[in-house]
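Undergrad: Sharing a model prediction with you, sequence too.
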Amino acid sequence: MQKRILLAALALSFSSAVSAQSINTISQQETTRLMRTLSADDMEGRASFTPGIEKAADFISAEFTRIGLQPLAGGTDFKQTFHVYRITPTEHEAKLNGKKIAKENIFAITESKELEWKNDGKRQVVMIGENDDFRKSLGQLNAAKNDALVLVHPKHTEFFKSYQGYIGRGSVKQELGKSTSNRVFILTDQPSAKKYNLEVENKIEKLPLTNVAGMIEGKRKNEYVVFSGHYDHIGIGHAIDGDSIANGADDDASGTTAMMMLADYYKKQGQPERTLLFVAFTSEEIGGYGSKYFSEQLNPDQLVAMFNIEMVGKTAKFGPNSAYLTGFERSSLGALMQKRLAGSTYAIHPDPYPEQNLFYRSDNATLARLGVPAHTISSVQIDLDKTYHTVKDEFENLDMDHMTHMVKLIALASQGVVSGEDTPTRVDKALVK
């Protein structure tokens, strides 16, 4: 018995030494090259539906080709393209009790190309009064199934304008026709709508979005391990000190870079036991449509784990060589990662920011809702970060030495799942909202 224990300990020690040696092929020079390219100004902030994000997709595809990945089963290349619908308001006109309403005091929530309403008894009139809770009332209206004209008291002007601005930027829908109600909001001090006429027009476009996905086929062809990051960001906005490009270096060129480096690392290790999928998701910033589409192409029961990587370019609150895992308590993946990192200079911790709801704020959530042990690895101090979603999220503000160590951390921590020795428990779908 003692001999077997000794042999097992020696085998584990040898395995750890080999692993530690192999991760030395992960270089800071390569981290820097990929990061500089993805977060460069010529990517124009990688917003969905822009030439910048198309350029980024081409770059990631070329890297997958260089590494030697295969397209996903049934694919002819690495681009996984699908379509969504963008709805953009173009015209609003209204008269209420014979008085014309200024356009800046109207907005509509609708999937329809056109609405023409008058007081014909076909819809309800709802008032958000002076003493009502605007957000609570809005939530109730969003859950309603009937069309409604909503009169909003001027006391709620600030909330009204904020929501109007959000709606005015347009919305994206994976499908049309699922919404069962239309709502038109008017900011007014008039207490009733005895007579009204209104017209709403929207521009509806069917537009492409593209994930970039490749794989290394394993010996167990139908057991999948996913490594991912989202490559879209928020694009071009208001200029600050002459800079209008939100480069999205940490969010999430860092995660996409880490994913590509892990693809390169695992390709050099020979055929893995389980099949490895490497995915750069699109449109995380506008609703997670990329991960939703990806999840529909596979049987979730065959997905063993997902290592989603987001914002790993800055040192964690736990110090050097450390990261955290969102939703740590929802499966055993975090504990298995900790076991693999034992004795190394690296550490993975439970998410220290539960109030930020980070488990639901990245692409892991889509697969977690299907029961997959899908978690996000991050190191950003989200409560203190001043560059998040600003033009200051640039390459120069990141730590390439730290980021390179984050790639090494994930490489070490994931090896048990990749080799088939470790299988995390499933996420309880009933506990995922």
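TA: That came in fine, so what should we check first?
Undergrad: I'd say Val279 and Thr210 touch.
TA: No - judged on CB atoms under 8 Å, Val279 makes no contact with Thr210 at a distance of 11.4 Å. Yep, even glycine has a C-beta here, placed from its N, CA and C like the rest.
Undergrad: Comparing those two, which shows the higher neighbour count?
TA: Val279 (29 against 26; other CB atoms under 10 Å).
Undergrad: Centre of the chain to the strand or helix carrying Gly229, how far?
TA: Gly229 is part of strand 220-230 when elements are defined by DSSP states H and E. The gap between where strand 220-230 is centred and where its chain is centred comes out at 17 Å by CA atoms, centre = their mean, to the nearest Å.
Undergrad: can you list the residues that contact the next helix or strand along the chain from that strand?
TA: Sequence-wise, the next helix or strand downstream of strand 220-230 (DSSP H and E) is strand 235-240. Strand 235-240 has contacts (CB atoms under 8 Å, 6 or more residues apart in numbering) with 44-47, 50, 52, 244-246, 390-392.
Undergrad: Return a selection command, for use in PyMOL, containing the buried ones of the residues you listed.
TA: Remark: buried members of those, expressed as a PyMOL selection using 16 or more other CB atoms under 10 Å:
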select buried, resi 44+45+46+47+50+52+245+246+390+391+392
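Undergrad: Next, format the contacts of strand 235-240 as CSV and append pLDDT, secondary structure and distance to Val152.
TA: Below are those laid out as CSV (pLDDT from 0 to 100; DSSP: H, G, I helix; E, B strand; the rest coil; distance: CB to CB, whole Å):
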residue, pLDDT, secondary structure, distance to Val152
Glu44, 97, helix, 36
Gly45, 98, helix, 33
Arg46, 98, helix, 36
Ala47, 97, strand, 31
Thr50, 97, coil, 34
Gly52, 98, helix, 37
Ser244, 96, strand, 33
Ile245, 97, strand, 36
Ala246, 97, strand, 31
Thr390, 95, coil, 31
Val391, 96, coil, 33
Lys392, 95, coil, 35
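Undergrad: now the contacts of strand 235-240 in CSV, with distance to Arg169?
TA: Listed next are the contacts of strand 235-240 as CSV, based on distance: CB to CB, whole Å:
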residue, distance to Arg169
Glu44, 17
Gly45, 15
Arg46, 17
Ala47, 11
Thr50, 14
Gly52, 18
Ser244, 16
Ile245, 18
Ala246, 15
Thr390, 17
Val391, 18
Lys392, 22
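Undergrad: Could you list the residues in contact with stretch 402-414?
TA: Against stretch 402-414 from outside (CB under 8 Å, 6+ apart): 19-20, 22-23, 26-28, 31, 35, 225, 227, 254, 257-258, 261-262, 265-266, 305, 307, 309, 312-315, 320-323, 337-338, 340-341, 344, 346, 348, 377, 379.
Undergrad: From those residues, list just the buried residues.
TA: Among those, those scoring as buried are 19, 22-23, 26, 31, 35, 225, 227, 254, 257-258, 261-262, 265-266, 305, 307, 309, 312-315, 321-323, 337-338, 340-341, 344, 346, 348, 377, 379 (criterion: 16+ other CB under 10 Å).
Undergrad: wait, is Thr257 part of a helix?
TA: Yes - counting by DSSP: H, G, I helix; E, B strand; the rest coil, Thr257 is found in a helix.
Undergrad: how close does it get to Leu187?
TA: Separation of Thr257 from Leu187 (CB to CB, to the nearest Å) stands at 45 Å.
Undergrad: Likewise for Pro373?
TA: Separation of Pro373 from Leu187 (CB to CB) stands at 47 Å.
Undergrad: so who does Pro89 touch?
TA: Here Pro89 is in contact with 107-108, 167-168, 170, 200-203 (CB under 8 Å, 6+ apart).
Undergrad: What are the boundaries of the strands in the stretch 301-433 of the chain?
TA: For the stretch 301-433 of the chain, applying DSSP state E, counting those that start in this stretch gives strands covering 303-309, 322-325, 347-350, 374-378.
Undergrad: What lies in contact with the longest one?
TA: Under the criterion CB under 8 Å, 6+ apart, residues 223-229, 252, 254-256, 258-259, 262, 274, 333, 362-364, 367, 370, 372-378, 406, 410, 414, 417, 423-424 lie in contact with strand 303-309.
Undergrad: So for stretch 315-331, first residue to last residue, what's the gap.
TA: Distance across stretch 315-331, first residue to last, is 25 Å (CA to CA, to the nearest Å).
Undergrad: for it, which positions count as buried?
TA: Buried residues in stretch 315-331, defined by neighbour count with 16+ other CB under 10 Å: 315-316, 321-328, 330-331.
Undergrad: can you give me the helices in the stretch 51-200 of the chain?
TA: Ranges of helices in the stretch 51-200 of the chain, per DSSP state H, counting those that start in this stretch, are 51-67, 134-143, 157-168.
Undergrad: which one of the ones you listed lies closest to Tyr293?
TA: Tyr293 lies closest to helix 51-67 among these, at 14.3 Å (CB to CB).
Undergrad: Buried residues, the closest one. List them.
TA: 52-53, 55-57, 59-61, 63-64, 67.
Undergrad: Max pairwise distance over those residues: which two?
TA: Largest separation among the buried residues of helix 51-67 by CB to CB: Gly52 and Ile67, giving 23.0 Å.
Undergrad: what about stretch 165-176, distance to the chain center?
TA: On CA atoms, centre = their mean, the centre of stretch 165-176 falls 17 Å from the chain's centre.
Undergrad: again but with stretch 166-182, I slipped
TA: 19 Å.
Undergrad: same check, this time on stretch 36-48
TA: Distance of stretch 36-48 from the chain centroid (CA atoms, centre = their mean) equals 17 Å.
Undergrad: contact partners of that stretch?
TA: Outside stretch 36-48, the residues within contact range by CB under 8 Å, 6+ apart are 50-53, 55-56, 59, 172, 209, 231-237, 245-249, 253, 256-257, 282-283, 285-286, 394-395.
Undergrad: for stretch 70-86, same thing?
TA: When contacts are defined by CB under 8 Å, 6+ apart, stretch 70-86 is touched by residues 49, 57, 60-61, 64-65, 69, 111, 170-176, 204-217, 277, 283, 289, 293-294, 297.
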